[in-house]
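Peer 1: I would like to see how this sequence folds:
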Amino acid sequence: MSQTTWFVLVAGTLVVLGLGRLAGARDWITRLLALNVTGAGSLVLLVALAGRTHPADPVPHALALTGIVITVAVTGVGLILARLVSIAAESPDNTEERHEASGGSPAEESP
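Peer 2: Below is the predicted model:
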């Protein structure tokens, strides 16, 4: 088995595991991690396909590095959004608390 075949198999396994977990997950954090595993599989596949030729093609390597940076940024934003969703789910009707904290009353809501 060649090195390229090995990396393609690893990449396919990561993608299948990530998509399988994404389909069965209900928690936001688990979904985000499943997306990260799927993205890692696609990046491994991109690097494996770039290394097929003797002088490795630098463009797919650059795309993989860009994908890593984008994955880190999306993960950070996703974690913040998951935290906000969980906070909103814990207190579904906190409009009264927000108005009391700002000094207003619930009757003074603006449309």
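
Peer 1: which other helices and strands contact the helix of greatest length in the chain?
Peer 2: Longest among the helix segments of the chain by residue count, using DSSP state H, is helix 58-90. Applying 3 or more C-beta pairs under 8 Å, 6 or more residues apart in numbering; DSSP states H and E, one finds that helix 58-90 contacts helix 28-50. C-beta: built from backbone N, CA, C; applies to glycine.

Peer 1: what residues sit buried inside the helix it packs on?
Peer 2: 28, 31-48, 50 (16 or more other C-beta atoms under 10 Å).

Peer 1: so what secondary structure elements neighbour it?
Peer 2: So helix 28-50, by 3+ C-beta pairs under 8 Å, 6+ apart, packs with helix 3-24, helix 58-90.

Peer 1: how about those in a markdown table, adding mean neighbour count and mean pLDDT?
Peer 2: As requested, the helices and strands packed on helix 28-50 are exported to a markdown table (neighbours: other C-beta atoms under 10 Å; pLDDT from 0 to 100):
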| stretch | mean neighbour count | mean pLDDT |
| --- | --- | --- |
| helix 3-24 | 14 | 94 |
| helix 58-90 | 12 | 92 |
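
Peer 1: still on that earlier bit, angle of the longest helix of the chain against helix 28-50?
Peer 2: Counting by axes from the mean of the first three to the mean of the last three C-alpha atoms, to 10 degrees, helix 58-90 points 180 degrees away from the direction of helix 28-50.

Peer 1: distance from helix 58-90 to the middle of the chain?
Peer 2: Put simply, helix 58-90 sits 5 Å off its chain's centre (C-alpha atoms, centre = their mean, to the nearest Å).

Peer 1: can I get stretch 37-54 in PDB, CA atoms only?
Peer 2: These are the backbone C-alpha positions of stretch 37-54, laid out as PDB (Å, rounded to 0.1, in the frame of the first residue of the first chain):
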ATOM      1  CA  VAL A  37     -13.200  16.100  12.200                       C
ATOM      2  CA  THR A  38     -14.900  16.200   8.700                       C
ATOM      3  CA  GLY A  39     -12.800  19.300   7.800                       C
ATOM      4  CA  ALA A  40      -9.600  17.600   9.000                       C
ATOM      5  CA  GLY A  41     -10.400  14.700   6.700                       C
ATOM      6  CA  SER A  42     -10.900  16.900   3.700                       C
ATOM      7  CA  LEU A  43      -7.600  18.700   4.400                       C
ATOM      8  CA  VAL A  44      -5.700  15.400   4.800                       C
ATOM      9  CA  LEU A  45      -7.200  14.300   1.400                       C
ATOM     10  CA  LEU A  46      -6.100  17.600  -0.200                       C
ATOM     11  CA  VAL A  47      -2.600  17.200   1.100                       C
ATOM     12  CA  ALA A  48      -2.500  13.500   0.000                       C
ATOM     13  CA  LEU A  49      -3.600  14.400  -3.500                       C
ATOM     14  CA  ALA A  50      -1.000  17.200  -3.600                       C
ATOM     15  CA  GLY A  51       1.800  14.700  -2.900                       C
ATOM     16  CA  ARG A  52       1.100  12.400  -5.800                       C
ATOM     17  CA  THR A  53       3.700  14.000  -8.000                       C
ATOM     18  CA  HIS A  54       7.400  14.000  -7.300                       C
END
